[in-house]
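Asker: A predicted structure for the sequence below; I have some questions about it.
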Amino acid sequence: SGGGGMAAEGDVELELETEPNGSSGGGDGAGGRAAEKPRKHDSGAADLERVTDYAEEKEIQSSNLETAMSVIGDRRSREQKAKQEREKELAKVTIKKEDLELIMTEMEISRAAAERSLREHMGNVVEALITLTN
């Protein structure tokens with residue numbers, strides 16, 4: 001009878017053992033949910049951080065904007081000057097009318113494009129043609 005009592009205790013123990021397992025199974029579900037919540041919370045914090053970073057960046061950008069604009073402006077005017085110089089140099093290049101017409105007919109391009117190419121190659125029709133075919 002005592003042994004039976006022990007068996008009964010054993011049964012209870014088994015039930016207790018299976019119950020935590022069962023509840024731990026449920027716990028996993030709850031744990032899963034609990035694990036998701038902090039993740040959402042973290043992403044919220046990360047989003048907030050991103051927003052503050054963005055706001056700070058905007059402040060920095062606005063202060064740098066004027067500097068950047070002037071730098072870009074300077075660079076543009078320098079490039080413009082360089083372009084004008086180049087155009088002047090190209091305009092000085094003497095080109096033959098027949099070379100120009102040859103390029104226009106060979107490459108089937110506009111007079112302006114042909115002239116530009118010819119001038120860029122210092123009037124060398126062969127080089128101009130080679131460059132245009134590549």
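Answerer: Alright, I've got the coordinates.
Asker: Okay, residue 79 and residue 109: tell me how far apart.
Answerer: Taking Cβ to Cβ, to the nearest Å as the measure, residue 79 falls 25 Å from residue 109. Placement of C-beta: from N, CA and C, glycine included.
Asker: the strands in the chain, which residues?
Answerer: Read by DSSP state E, the chain holds no strands at all.
Asker: Which secondary structure element of it has the lowest mean pLDDT?
Answerer: Lowest on mean pLDDT, DSSP states H and E among the helices and strands of the chain sits helix 2-92, with a mean of 66.
Asker: picking up where we left off before, more neighbours: which of residue 79 and residue 109?
Answerer: Using other Cβ atoms under 10 Å as the criterion, residue 79 and residue 109 rank with residue 109 on top: 15 against 10.
Asker: Would you mind confirming that that one makes contact with residue 133?
Answerer: No. Using Cβ atoms under 8 Å, residue 109 is not in contact with residue 133; the gap is 11.4 Å.
Asker: Need the phi and psi values for residue 108.
Answerer: Note on residue 108: backbone dihedrals following degrees, to the nearest 10 are phi 50, psi 50.
Asker: Show residues contacting stretch 116-132.
Answerer: Contact with stretch 116-132 is made by 90-91, 93-96, 99-100, 102-103, 106-107, 109, 114, as judged by Cβ atoms under 8 Å, 6 or more residues apart in numbering.
Asker: Looking at neighbours, which among those residues is most surrounded?
Answerer: With neighbours taken as other Cβ under 10 Å, the top of these is residue 114, carrying 25 neighbours.
Asker: Please tell me I have it right and that residue contacts residue 104.
Answerer: Yes. Between residue 114 and residue 104 there is a contact at 4.5 Å, judged by Cβ under 8 Å.
Asker: and stretch 93-113, what's its mean pLDDT?
Answerer: For stretch 93-113, mean pLDDT is 91.
Asker: Now do it: distance from first to last residue.
Answerer: 15 Å (Cα to Cα, to the nearest Å).
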